[in-house]
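Undergrad: any chance you can model this:
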Amino acid sequence: MMFGLLFSLKAFANKLDPTRNGEDHPGECKFHAFKTNNYKLHFMEHPTGIRLVLTTEAGAPDLRELMKFIYSTCYVDCVVKNHLYKMGEPFKSDGFTAMLNKAIQQHS
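TA: Numbering: from 1, shown residues only. As a prediction, the model looks like this:
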């Protein structure tokens with residue numbers, strides 16, 4: 001369900017983007033967040049295909065820098081560089097969880 005929502009919102013944002021002329025071609029995704037009365041959903045898709053989604057309170061600021069940090073530091077260091085991890089498989093890493101919690105606490 002979440003994938004369908006994000007796929008549709010990303011396609012919609014790409015169609016509205018005047019620099020794409022309605023074409024759906026590769027490039028930076030212009031869809032970063034949407035807000036409701038109750039929450040804000042933040043989205044970041046990386047060239048590797050990894051998608052990060054955060055939900056926050058509706059008044060939260062732009063979290064793109066935090067999401068870049070989560071990917072480049074927490075995910076890459078604790079998951080990608082782990083020689084036991086196989087791409088595409090679910091992972092469980094205490095190191096990742098600890099780094100993620102620390103990054104979020106420092107950001108708030």
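
Undergrad: what count of nearby residues applies to the residue nearest to L63 when sequence neighbours are not counted?
TA: Distances taken as CB to CB, 6 or more residues apart in numbering put H42 closest to L63, at 4.7 Å, once the chain neighbours are dropped. The way it works is simple: take the backbone N, C-alpha and C, and place the C-beta from them, glycine included. Neighbourhood size, H42 [other CB atoms under 10 Å]: 20.

Undergrad: just checking, H42 touches K35?
TA: No. Counting by CB atoms under 8 Å, H42 does not reach K35; the two are 9.7 Å apart.

Undergrad: for the protein, name the helix or strand with the lowest mean pLDDT.
TA: Least confident helix or strand, the chain: helix 2-16 with a mean of 71, by mean pLDDT, DSSP states H and E.

Undergrad: right, and the helix or strand after that one?
TA: strand 33-35 (DSSP states H and E).

Undergrad: show me what that next one is packed up against.
TA: strand 40-45 (3 or more CB pairs under 8 Å, 6 or more residues apart in numbering; DSSP states H and E).

Undergrad: show me what contacts the residue positioned nearest the centre of the chain?
TA: Geometric centre of the chain, nearest residue: L52, 2.3 Å, by CA atoms, centre = their mean. L52 makes contacts with H42, F43, M44, E45, H46, M67, I70, Y71, as judged by CB atoms under 8 Å, 6 or more residues apart in numbering.

Undergrad: may I have the phi/psi pair for it?
TA: phi -110, psi 140 (degrees, to the nearest 10).

Undergrad: is it bridged to anything, and to what?
TA: Beta-bridge pairing for L52 (DSSP bridges): M44.

Undergrad: and the nearest residue to R51 once chain neighbours are set aside, what's its pLDDT?
TA: Excluding its sequence neighbours, the residue lying closest to R51 (CB to CB, 6+ apart) is E45, at 4.9 Å. We have a pLDDT of 86 for E45.

Undergrad: right, and E45 touches M67 too?
TA: No. If you go by CB under 8 Å, E45 and M67 don't touch, sitting 10.1 Å apart.
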